[in-house]
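*Asks:* Sharing a sequence plus its predicted fold:
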Amino acid sequence: MGKLAHSAIVSEEWGPLDRPLDRILGTRTANALGKLGLSTCGDLLAHIPFRLAHRGELLPIEAVHEGDTVTVVARVIDSHVRPMNRRRGYLLSVRIADGAHTLSLTFFGKSARPLNYHATRLAPGTLATFSGTISSYRGELQLSHPEYEVLDTAKDIDPEKIAQPIPIYHASAAIPSWKIHAAVDIVLDHITAADVPDPLPEDYRAEHKLLTAYQAMYAAHRPSCDDDWQRALLRFKHEEAFILQALIAQQVHANAGIPAPALHPRSDGVLAAFDRRLPFTLTAGQRDVGRELSEEMAVATPMRRLLQGDVGSGKTIVALRAMLQAVDAGYQAVLVAPTEVLAAQHYETFRHLLGDLAAGGELGAPEISTRLELLTGSLPAAAKRRTLANIASGMPQIIVGTHALFEDRVQLPRLGFVVIDEQHRFGVDQRDRLASGSHLLVMTATPIPRTIAMTTFGELRVSTLRELPSGRQPVQTALVPADNAVWVERMWQRAREEIAAGGRVYIVCPAINAETSEADMGIDPVEESSVPAQSEGAAGRRPLASVTSTVELLATIPALAGIPVGYVHGQLSSEEKSQAMARFASGQTPILVSTTVIEVGVDVPEATMMIILDAERFGLSQLHQLRGRVGRGTAQSLCLAVFHVLPGTVAFARLEAFAGTTDGFALAQRDVELRSEGNVLGRDQSGRVSSLRFVRVTKDEDIIDHARRYAREMIGRDPELRDQPVLAVAIDRARSAATDYLDRS
Ligand code: ADP
Ligand code: MG
């Protein structure tokens, strides 16, 4: 907040907000704050307390999990120092309570003396803030060597102090909440209202009776009552929503200025020829959306559309038909896929569907035909040069590729239409650069709530495919408890039966091998707090099911004896990946053990069974995407989610929802609900679907709406924001942050 804004306006010298923290706080504190990503005064002041505690009440101990860094306000019940049983040294154990729950604290010492010191300070009845990392000992959760700050002893309670709320900050093992508070206090004394430029336009702020940027910062860190803090948060929400909506409005404005070619349909072109040989009839939804696209592409106002349709609803054909309209009009059309596997698959699908209609320029091609090119990063250099030259010729054609298509050296002189499959993998900026001066279609299988569509997807208008092609049977889904040997045995039996009947079986794991973590794997960030800490056995944590360990496991399962097993994961070369996929598709290896690389789009109609191991580790939309890999032919398909969690947890509720319906729209709704239920002390990630810090897309629709209306009108009047220099800088900063976020996710 304000950091870059300030430096860009004052430039040259450091403004007070840009001053590095070590200048003011000393290196030790500054380093500890640095680990939280806070390096300047502005960073620290933007680190807003996530809740307030009150001396009169206690901050609950409920729902802490092993590994959590927590801050609780609680009273000491009792404490005692004793020698340790097995080792030399002493142990102080303290029990604290918040009225409903208790938690034990332990301190170790070589001698009893330092422990007695803590014991004296933590006499029964003392109220204190305790902070540390939750660990477990013999099945009981505890805090070892927590940091603490005594708020009141049982005897001296200062009524004045009691009224004042205590801000609680997201802390780390290196620095507890109250030390952050103390640092903020020092820094705040160096800052005046003039140091904090306000990006919100004056009259917007007046209209909503919002605090100024400085007032909000002050009220958030030094609230004299709860109301102060609430008003600060309201201001931050508006600011965040406003900056984002202004950014989007600016992008829309910029795009609207560049017309796209009018791609007129032809009755005697490739599209017509393609439609004549289509092996099935289009669903009513496919026809309706097709007409919508066709009409919008036929005019020079660039089309900006989001096509959402559940997995298997047939989005690809819709996109291909629209691409053929572009070709018929003499233009190039590209389809960008998020992975090489997916790009290769689309290419093969198109080639298969188009047949000799894709043989343009070759001997014996029909008179009306087009060319189809594949461009990915892993193409051999010579082939890539050829493809690039072909594309640069500007010949009307269809080009399928990955983000390699975004590289500068890719020249698309006659580009008229861009399709992006599974948008969430691309940065909005990249997308807009490629599609500037063209029509754009973004396809997603994850239904997007309206508010998210407004924030992340800007001005895309939404088309929806609601029905699946006829003849499809919904995938049967069942949950299999990992410790139920009978069920697990039956599952492997069933896999054998599916294969014997000509089917294929996917087995999906959350890790590649023992070394890979979920973060490396691109696994959707499920709220960590919604997955209970793994059981602590003699061998420590139970390792996640990995591709390597599962391939080994399968070799020992009698029911699967003699069935060849293939595997695929992100660390293989794209050559290896596509070979593994081809062997699976052909039935050479009818079992494919994989990571989520098969998550989106992969199409093997013979696959009739999917087994997801450690299913609690995957997010709901990811599970749904995975399940969409089966049930793509006419045979009844089955999805089994093998899990370890206990009933009653959010993770289990997620799995129940998954097993309960195959309707992706219903699941998306449930996902949002479960994310808000996942809220646990010390975390405030719930309900946030994007990089937004303050705005909740589930609750703040009004704020987003207001900000959007004002921002559009403002950009219409003053597109360059000449009248709002502070806002202009804040938008630039948000733009790079948004791109970062989307590129990472
Ligand atoms: P998604 O929306 O998940 O991308 P696809 O476009 O990959 O779905 O379609 C899934 C499968 O359904 C493909 O094998 C495709 O050929 C087939 N399909 C698409 N439209 C129809 C239709 N109208 N009738 C029958 N099958 C269809
Ligand atoms: Mg698809």
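*Replies:* Yes, it's here. Numbering: from 1, shown residues only. Ligands and ions are numbered 1, 2, ... in the order given.
*Asks:* and the residue of the stretch 351-500 of the chain found nearest ligand 1, how far is that from V642?
*Replies:* For the stretch 351-500 of the chain, the residue closest to ligand 1 is P469, as judged by Cβ to the nearest ligand atom, at 3.3 Å. All C-beta spots, glycine's among them, are computed from the backbone N, C-alpha and C. Using Cβ to Cβ, to the nearest Å, P469 is found at 30 Å from V642.
*Asks:* what do you get for I186?
*Replies:* 52 Å.
*Asks:* okay, those two: which has more neighbours?
*Replies:* V642 (22 against 15; other Cβ atoms under 10 Å).
*Asks:* which other helices and strands contact the longest helix seen in the chain?
*Replies:* Longest helix in the chain by number of residues (criterion: DSSP state H): helix 226-256. With contacts taken as 3 or more Cβ pairs under 8 Å, 6 or more residues apart in numbering; DSSP states H and E, helix 226-256 sits against helix 213-221, helix 428-435, helix 450-456, helix 701-717, helix 725-744.
*Asks:* I'd guessed V334 sits against V419; true?
*Replies:* Yes. Using Cβ atoms under 8 Å, V334 makes contact with V419 at a distance of 7.0 Å.
*Asks:* Find the nearest non-adjacent residue to A607, please.
*Replies:* R504 (4.3 Å; Cβ to Cβ, 6 or more residues apart in numbering).
*Asks:* I'd say the one you found and P605 touch.
*Replies:* No. In this structure, R504 is not within contact of P605 by Cβ under 8 Å, at 9.4 Å.
*Asks:* still on that earlier bit, least reliable of the helices and strands packed on helix 226-256 by average pLDDT, please.
*Replies:* Lowest mean pLDDT within those: helix 450-456, at a mean of 59.
*Asks:* Not including adjacent chain positions, what is the nearest residue to the one residue in the stretch 151-300 of the chain that gets nearest to ligand 1?
*Replies:* Across the stretch 151-300 of the chain, the shortest distance to ligand 1 (Cβ to the nearest ligand atom) belongs to F280, at 3.7 Å. Leaving aside its sequence neighbours, F280 sits nearest to P469 (Cβ to Cβ, 6+ apart; 6.9 Å).
*Asks:* H644 too?
*Replies:* Using Cβ to Cβ, 6+ apart, the nearest residue to H644 is A482, at 5.1 Å.
*Asks:* Repeat that for K179.
*Replies:* T29 (7.1 Å).
*Asks:* if I pick the one you found, what's in contact with it?
*Replies:* 21, 175, 179, 183 (Cβ atoms under 8 Å, 6 or more residues apart in numbering).
*Asks:* can you list these in TSV and add distance to I591, neighbour count and secondary structure?
*Replies:* Shown next, in TSV, are those (distance: Cβ to Cβ, whole Å; neighbours: other Cβ atoms under 10 Å; DSSP: H, G, I helix; E, B strand; the rest coil):
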residue	distance to I591	neighbour count	secondary structure
L21	55	24	coil
I175	49	23	strand
K179	54	19	helix
A183	56	24	helix
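*Asks:* Using JSON lines, lay out those residues together with distance to ligand 1 and pLDDT.
*Replies:* Below are these laid out as JSON lines (distance: Cβ to the nearest ligand atom, whole Å; pLDDT from 0 to 100):
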{"residue": "L21", "distance to ligand 1": "49", "pLDDT": "93"}
{"residue": "I175", "distance to ligand 1": "47", "pLDDT": "85"}
{"residue": "K179", "distance to ligand 1": "51", "pLDDT": "88"}
{"residue": "A183", "distance to ligand 1": "51", "pLDDT": "94"}
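*Asks:* How about the secondary structure of the residue nearest to K179?
*Replies:* Using DSSP: H, G, I helix; E, B strand; the rest coil, the structure places T29 in helix.
*Asks:* L640 too?
*Replies:* strand.
*Asks:* Quick one: mean pLDDT over stretch 227-243.
*Replies:* 93.
*Asks:* Equivalent analysis for stretch 271-287, please.
*Replies:* 93.
*Asks:* just the contacts of T29 now: which is nearest E348?
*Replies:* I175 (53.6 Å; Cβ to Cβ).
*Asks:* Quick check, that closest one in contact with A30.
*Replies:* No. I175 is beyond contact range of A30, at 10.3 Å (criterion: Cβ under 8 Å).
*Asks:* how about the helices in the stretch 101-250 of the chain?
*Replies:* 113-121, 159-163, 177-189, 202-207, 213-221, 226-256 (DSSP state H, counting those that start in this stretch).
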